[in-house]
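A.B. asks: requesting a structural model of the entry that follows:
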Amino acid sequence: MKRGLSSLIMTGALCTAASAAFAGAYGTAEEPESRPAPAPAMREERRAEVEQEAPVLRRWEGFATDAETARGLWIEVGSMYGQEEDFGSDDEFIDTELRLAFGMEMFEAGAEISYQYSNSEDLTGDDEDDFSDLDVWAKVIPLRTDFMTLGGGVVVMFPTGGRPFDASQRLPVHTFANHDDEYGFDPFVTAGFAAGPVQIRTSIGYILYTGNNDSDGIDYNAAILAPIGDMVVIRGEVQGYHLTDDNHSDEFDDPVAFLPGVDIRVPMGGSELLIRPTGLVGLDDEASDWGAGISFAFTGIGG
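C.D. replies: Numbering: from 1, shown residues only. Modelled structure (predicted):
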């Protein structure tokens with residue numbers, strides 16, 4: 001009995017010693033490292049990075065009334081040339097514009113002004129050039145979901161421009177030039193809808209001037225913005241204006257134009273440069289026959 005117990009104890013000791021020697025020579029097996037699930041803060045950080053990498057989707061002609069806001073400072077300068085042939089006259093127009101805006105997720109304020117040139121090759125052969133009215137706007141976008149945005153605002157037109165060019169009303173790049181040093185107001189509602197990566201934008205407003213209602217009317221814009229990868233956005237806009245004053249000439253009552261374009265994104269550190277070539281095709285006799293232009297926008301500065 002004692003001999004058997006001694007053998008058992010000796011065998012156990014030998015096994016323990018062998019195990020210790022094996023562990024010392026080859027090491028022990030490592031437990032698989034467990035990776036904790038990403039913290040909510042890390043997930044939000046990554047989501048913000050993805051949103052920052054997404055291309056900017058903004059309208060060109062309907063920028064002020066767009067259902068989107070700048071993130072930080074937006075600086076844009078551009079020019080458009082348009083031409084109209086009517087009643088034996090060959091009219092041409094050049095509109096060079098400066099646009100400044102600052103915004104956050106739910107709010108944007110901005111201003112734009114242009115220098116306009118008009119040449120009419122009719123019997124008079126008149127050339128005219130002057131600044132346009134100064135447009136200043138503010139808007140809020142209180143509703144934002146994954147599928148739609150909804151908001152509104154107002155554009156105030158200051159009478160900084162000279163006398164309007166009769167034929168320049170055929171180029172629906174701006175609202176009509178002001179009359180008799182009047183102020184103009186354009187309250188509007190704006191909405192956007194998502195169809196996958198494609199954005200559908202629309203807005204409608206009513207422009208009214210103080211004192212004289214010759215140029216009062218409804219302005220509207222509808223656009224489709226389609227990203228192609230991360231660097232390019234295809235744009236298509238319909239811009240229109242309907243005069244509500246019966247005393248105004250029927251010749252300029254309802255100019256409507258289609259403006260196709262492309263935004264090419266060039267990242268520049270925390271901001272980016274947008275190259276924005278744009279065309280214009282008149283959809284009725286009251287708009288320019290055709291036009292072409294380009295602008296350059298610096299975006300995301302200080303955002």
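
A.B. asks: so where's the chain uncertain?
C.D. replies: Low-confidence regions of the chain, defined by pLDDT under 70, span residues 1-55, 86-89, 121-126, 162-180, 212-214, 246-253, 303.

A.B. asks: can you rerun that using 80?
C.D. replies: 1-56, 85-90, 120-128, 161-181, 211-215, 245-253, 286, 301-303 (pLDDT under 80).

A.B. asks: what about the strands in it?
C.D. replies: 72-86, 89-103, 107-120, 127-131, 134-144, 148-158, 184-195, 198-209, 217-228, 232-243, 256-268, 271-282, 290-301 (DSSP state E).

A.B. asks: which elements pack onto the fifth one?
C.D. replies: With contacts taken as 3 or more Cβ pairs under 8 Å, 6 or more residues apart in numbering; DSSP states H and E, strand 134-144 sits against strand 107-120, strand 148-158, strand 184-195. Backbone N, C-alpha and C define where each C-beta goes, glycine included.

A.B. asks: could you measure from residue 296 over to residue 268?
C.D. replies: 12 Å (Cβ to Cβ, to the nearest Å).

A.B. asks: likewise for residue 148?
C.D. replies: 31 Å.

A.B. asks: ditto for residue 292
C.D. replies: Using Cβ to Cβ, which is the criterion applied here, residue 292 is 26 Å from residue 268.

A.B. asks: likewise residue 107?
C.D. replies: 24 Å.

A.B. asks: contacts for stretch 68-78?
C.D. replies: Stretch 68-78 is contacted by residues 57-58, 63, 96-108, 110, 139, 141, 149, 192, 201, 271, 274, 276, 278, 293-303 when judged by Cβ atoms under 8 Å, 6 or more residues apart in numbering.

A.B. asks: rerun at 6 Å
C.D. replies: Residues outside stretch 68-78 that contact it (Cβ atoms under 6 Å, 6 or more residues apart in numbering) are 58, 97-103, 108, 141, 294-295, 297-303.

A.B. asks: ok, how many other residues are close to the nearest residue to residue 288 once chain neighbours are set aside?
C.D. replies: Leaving aside its sequence neighbours, residue 288 sits nearest to residue 82 (Cβ to Cβ, 6 or more residues apart in numbering; 3.8 Å). Residue 82 has 25 neighbours, counted by other Cβ atoms under 10 Å.

A.B. asks: isn't residue 132 up against residue 161?
C.D. replies: Yes. Under the criterion of Cβ atoms under 6 Å, residue 132 makes contact with residue 161 at 4.7 Å.
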